[in-house]
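Colleague: sequence below, structure please.
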Amino acid sequence: AMASCKKLPLTKLPAYLLGQYLGAGIGAALVLGIYSGQHAMALASYPGLSVNLMAQVVDQMTATFLLVLGIAAVVDQGLDPGALLVGLIVVGVSLALGPNAGAAMNPA
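Modeller: Residues are numbered from 1 along each chain as shown. Predicted structure coming up:
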């Protein structure tokens with residue numbers, strides 16, 4: 001979303017994506033280490049309607065794209081109240097795409 005809105009140069013996109021994936025992996029490993037055992041099941045979203053792995057991946061990519069695009073639209077246009085509008089975007093995307101793979105949007 002950031003690259004398509006020209007907020008992130010395409011030359012920096014690979015490094016940005018690598019940083020996102022590394023950060024997510026390290027964060028997940030730390031959380032799993034801290035909450036290992038019986039309580040670890042509460043830290044994940046589980047697939048609902050979709051059982052196909054590729055459909056779940058596309059679902060999560062779409063949800064994250066829509067969230068970041070919505071946040072960028074709110075910020076760029078200076079809409080008020082911004083926090084409420086972003087919250088409504090999260091609710092809308094979660095209701096629309098959440099049943100498929102758990103609505104685990106990660107705009108980080």
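Colleague: give the helix, strand or coil label for Q56.
Modeller: helix (DSSP: H, G, I helix; E, B strand; the rest coil).
Colleague: next, give phi and psi for the residue nearest to it when sequence neighbours are not counted.
Modeller: Spatially, and ignoring its direct neighbours in sequence, Q56 is nearest to A101 (4.1 Å; C-beta to C-beta, 6 or more residues apart in numbering). Backbone N, C-alpha and C define where each C-beta goes, glycine included. Torsion angles at A101 (phi, psi; degrees, to the nearest 10) stand at phi -140, psi 10.
Colleague: A101: how many residues sit nearby?
Modeller: 23 (other C-beta atoms under 10 Å).
Colleague: was I right about it contacting Q60?
Modeller: Yes. If you go by C-beta atoms under 8 Å, A101 and Q60 touch, sitting 5.8 Å apart.
Colleague: all the helices of the protein, residue numbers only.
Modeller: 13-34, 53-77, 82-101 (DSSP state H).
Colleague: leaving out the residues flanking it, which one is nearest to F65?
Modeller: For F65, the spatially nearest residue (C-beta to C-beta, 6+ apart) is A1, at 4.9 Å.
Colleague: can you tell me how far A83 is from L8?
Modeller: 23 Å (C-beta to C-beta, to the nearest Å).
Colleague: A63 now?
Modeller: In terms of C-beta to C-beta, A63 sits 19 Å off from L8.
Colleague: of the two, who's got more company?
Modeller: Neighbours were counted for A63 and for L8 using other C-beta under 10 Å; A63 has more, 24 against 13.
Colleague: quick one: that one and P107, what's the gap?
Modeller: Relative to P107, and taking C-beta to C-beta, A63 is found at 10 Å.
Colleague: and if you look at G33?
Modeller: 24 Å.
Colleague: okay, the residue nearest to F65 and A63: tell me how far apart.
Modeller: 11 Å.
Colleague: what sits in contact with each of those two?
Modeller: Counting by C-beta atoms under 8 Å, 6 or more residues apart in numbering, A1 and A63 have no common neighbour.
Colleague: that older thread, what's the neighbour count on the residue nearest to F65?
Modeller: 17.
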